[in-house]
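Q: I'll drop the sequence and a predicted model, then ask my questions.
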Amino acid sequence: MVDSRAARLSVVGAVVACVLAACGGGGQTTVGGTVTGLAAGTAVTLRLNGDETLAVAANGSFEFSDKLNANKSYNVDVVSQPARANCVLANQTGTIDRNASRVNNVTVTCTQAFAVGGIVQGLTTGAGVVLVNTASTGVDSVTLASNGPFSFPQLVPTGGTFAITVNQQPTGHTCAVTAQQSGTVAAADVTGIVVTCT
């Protein structure tokens, strides 16, 4: 009888211990992954859950130092792109499992990026034309107040597309894109766009 009661108490104790310890769950872990495509001398800055930032200056593995609890969600984003490159993420969001297993499958893929631009001609002093580039990476714009070379602020990666339109005409002029209005970025800056104002 004593042995039976002791056995029951032993089982109850084991159950309580399992509950308190989440039956092997709980704990903390880190989030990381791999970076590819970074050029020498450049860096991409990543951020975890809008808080910790991490500058990665070489291809290979990376890991944030912040430790996250089991069942905690995570989100990694890019806060600063490398010089003349564009990095995109995969597997950047998720939830830490109940066993707090390390997350190491966030991938950051970087590709070289180049300027998109050309020349504007025919503007008079004080007039301004607004151009828009509807690129594969998003919409970008630039305001030009004088003749000569120009480029859009955002770079477009190799293989990305661009399409230039006149968004706002200058006072007293009509401007049109007369050369290289759209295309695909190769491994060089795009410099052949011509905007002619009359």
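A: Looks like it came in fine.
Q: Please report the distance of Gly160 from Val190.
A: Distance of Gly160 to Val190, given as Cβ to Cβ, to the nearest Å: 10 Å. For every residue, glycine as well, the C-beta is placed using N, CA and C.
Q: Give me the more crowded residue out of these two.
A: Of the pair Gly160 and Val190, Val190 is the one with more neighbours under other Cβ atoms under 10 Å, namely 21 against 17.
Q: Dig out what the more buried one forms beta bridges with.
A: According to DSSP bridges, the residues that bridge with Val190 are Val116.
Q: Touching, Val185 and Gly159? I think so.
A: Yes. In this structure, Val185 is within contact of Gly159 by Cβ atoms under 8 Å, at 6.7 Å.
Q: out of the two, which sits in the more crowded spot?
A: Neighbours per residue (other Cβ under 10 Å) separate Val185 from Gly159, with Val185 holding more: 23 against 12.
Q: contacting residues around the more buried one?
A: Contact partners of Val185, counting by Cβ atoms under 8 Å, 6 or more residues apart in numbering, are Ala113, Phe114, Val116, Val156, Pro157, Thr158, Gly159, Gly160, Thr161, Phe162.
Q: Run through the bridge partners of the last one.
A: To tie it back to what came earlier, the one meant is Phe162. The partner residues for Phe162, given DSSP bridges, come to Gly183.
Q: host element of Val195?
A: strand 190-197 (DSSP states H and E).
Q: Ignore what I typed, I meant Thr42.
A: Per DSSP H and E, there is no helix or strand for Thr42.
Q: Find the residue closest to it in space, skipping its chain neighbours.
A: The spatial neighbour of Thr42 that comes closest, neighbours along the chain excluded (Cβ to Cβ, 6 or more residues apart in numbering), is Pro82 at 3.7 Å.
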